[in-house]
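Participant: Return a 3D structure for these sequence lines:
(chains A, B and C, ligands or ions: 3)
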Amino acid sequence: MGELRLMKGNEVLAEAAIRCGCDGYFGYPITPQSEVMETLMARQPWEETGMVVLQAESEVAAINMIYGAAATGKKVMTSSSSPGISLMSEGISYIAGSELPCLIINVQRGGPGLGTIQPSQADYFQAVKGGGHGDYKLIVLAPSSVQEMNDFVDLAFELAFKYRNPAMILTDGAIGQMMEKVELADFKPRWTNDELIEKCGSWATTGKPAGRKPNIITSLEMDSAKMEANNKRFQEKYRKMEEEEPRYEALMCDDAEYVIVAFGTSSRVCQKAIELARAKGVKVGLLRPITLYPFPKKAIAELSCRIKGFLSVEMSAGQMIEDIKLSVFEGGCIVPVKFFGRLGGIIPSPGEVVKALEENFLKG
Amino acid sequence: MDIKDIIKPENLVYKKSELLIDTIMHYCPGCSHGVVHKILSEVIDEMGIQEKTIGIAPVGCAVFAYNYIDIDWQEAAHGRAPAVATGVVRLNPDNIVFAYQGDGDLASIGTAEIIHACNRGENIVVIFINNGIYGMTGGQMAPTTLVGQVTSTTPAGRNVDLNGYPMKITELIAQLPGTSYVTRQSVQTAAAVRKCKRSIKKAFQNVIDKKGTSFVEVVSTCNAGWKMTPVGANKWMEENMFPFYPLGDMKDSDKKEVSNN
Amino acid sequence: MAKVRGAVVVDKEGCKGCGVCVEVCPQDVLSLNREVNSRGYHYSYMKNPEACIGCSNCGVVCPDTCLTIYRVKVLESEI
Ligand SMILES: Cc1ncc(C[n+]2csc(CCOP(=O)(O)OP(=O)(O)O)c2C)c(N)n1
Ligand code: SF4
Ligand code: SF4
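Facilitator: Ligands and ions are numbered 1, 2, ... in the order given. The predicted model follows:
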């Protein structure tokens, strides 16, 4: 059993990074996630593991520092909140286009614009549909507890290196600020130079020894035929992720007539809501996508053939609902897919969710 | 004496550096980028630092620099090379990292990144090609474009009321305590090229000696963008650019200890 | 008395005919050929080979590194 502590979600992200052998963090302060960098600076991991931590002059600079460091095969991460992620989008597109592994954390707040510092899930589209320019995908993990904030840091790096692709932890201010009991991971040493060369030597820019070709990290290709081939290779990679990586949690779905789909903070509310609904005799389950990309399409398609309807509960105007509809459509058993959400930084209450369920499915 | 008696290996005095990849560069005839690439490859070769050097290419005409010098390279987004170089060098302090940037890249879209990298004193070399124009996109105004200079976006000449003033960013950078060596050079004559090479070599030596940022501006021509012949462009540069961008060292010192008072 | 003689070998296909080498030569050795190479450039050649002193100025300024330079000291009697 690992070390047990009571910690804030944001602090755990920092602690988990140090413990999983992360080599570097670059970031820029923004509420509600500034504790990530603050915790790192206070922990001084450079003294302990050699991990580098640097406050950049902007999110634009931070993401490009990530690009440079990731291109040398190092395990690097950044964290920000919604407006900062918008600024990073150019860099994220370059990172995806150059096939670099890294971790980007978005502790979401409400938008658009400067919006609110209260929690939100309105960056779903930005995270799972690309965000920046071009055909690319991030691996997107959505923790729903402080424990998962801990667990997903290591998992995100593992997936990022497995696919040479940027991974994102998409969470929000509520989980970032929430204090919960967490079992911390044991310390893993950072990769030695030899390990790094063994794992990433075929592509990373570590300095060209005599006898090997130069390693070049670029997303540029002027020959359209080659650029199309590159894109096809990316698409193959994304199909493989869709095949192998979807993760979700299903609660009380076995006998369910209705299923609520919710991730992160809203899934916590919905867990309570299904208990309330079941107490009223409504057979309802909860499907919680853990990977938002790749989306657990198959699980939803399968459910659609034995239930009467889905309710998507989100802290947005309805974004994930589009992926649920697509999954239902692709599964072939067409059932109603309804939506309930709160906006502007408001977390829905379990009672509101039950009411939405009743209004959408049980009236008339 | 016959020419063929002169052309013998023992009489060789100047040849292409081994580090220049054997391909024809995409630059326009007479473009300064080619000369600076050549200098870089000679310096890296002569200093024996090929295995440690990582180049950061810009967005601009030098975007394909990575095809020409036989080292590991990264291609940065437009203006972000100093941030990319920061990421590389912070995690790989034993590598020798240089950013290669044009004036649009460095002094316009990437102003924040270059100022802050230099201000942090990142242990990198910055090569700054100031040709007074955006070459790659077809000759638009750059921050460094001279007053009155005609470009495709200042067809009547740069007008300060409309476009502001040409920016002496190197002078600005020389003010930053993080920089140890700041110089302005050119490459239009053999003497200038030899001098520029000494400057670039010194900049790399500074990085080896961990002295902070070394910044080498090369006042350059873009004859295609300027719509001149290569030789005419060199002359125009000497007559018009040099008075505004005077050549020489602006700073050559160790990183300063700076306190608040 | 020794005199210095030089020679320039032009990579005809690599030359872009920019003329910078012609301009910097102190001895007026080089010129651009009336003929063009396969890419359509009037490549540089030694119009006046006897005058070359092998100073390498042309090689040093050539943006495309097309020039290889040789130099030798010769005795007056050998000229
Ligand atoms: C974000 C972004 N904006 C604009 C461009 C288009 N662009 C490419 S190169 C360039 C200017 C390059 O000029 P400079 O840095 O002076 O280099 P030069 O080509 O003159 O060597 C611009 C505006 C781009 N690639 N990316
Ligand atoms: S456009 Fe200008 S900067 Fe670009 S290669 Fe041609 S001469 Fe050089
Ligand atoms: S400088 Fe080089 S490219 Fe230009 S004409 Fe002379 S040999 Fe040719």
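Participant: Check which helix or strand the nearest residue in space to residue A:351 that is not next to it in sequence maps to.
Facilitator: With Cβ to Cβ, 6 or more residues apart in numbering or on different chains as the criterion, residue A:351 has its nearest non-adjacent residue at 7.1 Å, and that residue is residue A:276. In short, each C-beta sits where N, CA and C put it, glycine included. Secondary structure assigned from DSSP states H and E places residue A:276 in helix A:264-279.
Participant: Just the C-alphas of that helix, formatted as CSV.
Facilitator: Written as CSV, here are the backbone C-alpha positions of helix A:264-279 (Å, rounded to 0.1, in the frame of the first residue of the first chain):
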residue,chain,number,x,y,z
GLY,A,264,-15.3,14.1,-14.2
THR,A,265,-17.0,16.4,-11.7
SER,A,266,-20.5,15.9,-13.2
SER,A,267,-20.1,12.1,-13.0
ARG,A,268,-19.7,12.5,-9.2
VAL,A,269,-23.0,14.3,-9.0
CYS,A,270,-24.6,11.7,-11.2
GLN,A,271,-23.4,8.9,-9.0
LYS,A,272,-25.5,10.4,-6.3
ALA,A,273,-28.4,11.0,-8.7
ILE,A,274,-28.6,7.4,-9.8
GLU,A,275,-28.9,6.4,-6.1
LEU,A,276,-31.7,8.9,-5.6
ALA,A,277,-33.5,7.7,-8.8
ARG,A,278,-33.1,4.1,-7.9
ALA,A,279,-34.6,4.9,-4.5
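Participant: all helices in chain A, in order from the N-terminus.
Facilitator: With DSSP state H as the criterion, chain A has helices at A:9-19, A:34-43, A:45-48, A:59-70, A:82-97, A:124-128, A:146-163, A:173-177, A:193-200, A:224-244, A:264-279, A:297-304, A:320-331, A:350-357.
Participant: List the buried residues of the third one.
Facilitator: What that stands for is helix A:45-48. By 16 or more other Cβ atoms under 10 Å in any protein chain shown, the buried positions in helix A:45-48 come out as residue A:45.
Participant: residues touching residue C:39, list them.
Facilitator: Contact analysis of residue C:39 by Cβ atoms under 8 Å, 6 or more residues apart in numbering or on different chains lists B:24, C:13, C:16.
Participant: Taking their axis directions, the helix holding residue A:276 and helix A:320-331 sit at what angle?
Facilitator: Angular relation of helix A:264-279 and helix A:320-331 on a 0 to 180 degree scale: 70 degrees, by axes from the mean of the first three to the mean of the last three Cα atoms, to 10 degrees.
Participant: follow-up on the earlier one: out of the contacts of residue C:39, who's nearest ligand 2?
Facilitator: residue C:16 (10.6 Å; Cβ to the nearest ligand atom).
Participant: any idea how far residue C:76 is from that closest one?
Facilitator: Going from residue C:16 to residue C:76 by Cβ to Cβ, to the nearest Å gives 38 Å.
Participant: the more surrounded of these two?
Facilitator: Ranked by neighbour count (other Cβ atoms under 10 Å in any protein chain shown), residue C:16 and residue C:76 place residue C:16 first, with 26 against 8.
Participant: Surely that one is in a helix?
Facilitator: No - under DSSP: H, G, I helix; E, B strand; the rest coil, residue C:16 falls outside any helix and is assigned coil.
Participant: pretty sure it is touching residue B:224, no?
Facilitator: No - in this structure, residue C:16 is not within contact of residue B:224 by Cβ atoms under 8 Å, at 11.6 Å.
Participant: Need the contacts of residue C:39 in JSON lines (columns: distance to residue B:43).
Facilitator: Shown next, in JSON lines, are those (distance: Cβ to Cβ, whole Å):
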{"residue": "B:24", "distance to residue B:43": "22"}
{"residue": "C:13", "distance to residue B:43": "26"}
{"residue": "C:16", "distance to residue B:43": "23"}
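Participant: Pipe those into a markdown table and attach pLDDT per row.
Facilitator: As requested, the contacts of residue C:39 are exported to a markdown table (pLDDT from 0 to 100):
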| residue | pLDDT |
| --- | --- |
| B:24 | 96 |
| C:13 | 96 |
| C:16 | 98 |
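Participant: Tell me the one of the residues you listed nearest ligand 1?
Facilitator: For those, the nearest to ligand 1 is residue C:16 (16.8 Å; Cβ to the nearest ligand atom).
Participant: pLDDT score assigned to the residue nearest to that closest one when sequence neighbours are not counted?
Facilitator: Leaving aside its chain neighbours, residue C:16 sits nearest to residue B:29 (3.6 Å; criterion: Cβ to Cβ, 6+ apart). Model confidence at residue B:29, given as pLDDT, is 97.
Participant: and what of residue A:364?
Facilitator: pLDDT, residue A:364: 64.
Participant: buried set for the host helix or strand of residue B:84?
Facilitator: Here residue B:84 sits within helix B:81-91, counting by DSSP H and E. In terms of neighbour count (16+ other Cβ under 10 Å), helix B:81-91 has its buried residues at B:81, B:82, B:83, B:84, B:85, B:86, B:87, B:88, B:89, B:90, B:91.
Participant: before we move on, what about stretch A:329-337?
Facilitator: A:331, A:335, A:337.
Participant: Turn those into JSON lines, including distance to residue B:235 and pLDDT.
Facilitator: JSON lines is the format used below for those (distance: Cβ to Cβ, whole Å; pLDDT from 0 to 100):
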{"residue": "A:331", "distance to residue B:235": "72", "pLDDT": "92"}
{"residue": "A:335", "distance to residue B:235": "77", "pLDDT": "97"}
{"residue": "A:337", "distance to residue B:235": "71", "pLDDT": "98"}
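Participant: List, out of those, those positioned next to chain B.
Facilitator: Applying Cβ under 8 Å from any Cβ of the partner chain to the buried residues of stretch A:329-337, one finds that nothing falls near chain B.
Participant: residues in chain C within reach of chain B, list them.
Facilitator: Within chain C, the residues that sit near chain B (Cβ under 8 Å from any Cβ) are C:5-7, C:9, C:13-14, C:16-20, C:22-24, C:39, C:41, C:46, C:49, C:54-65, C:67-72, C:74, C:78-79.
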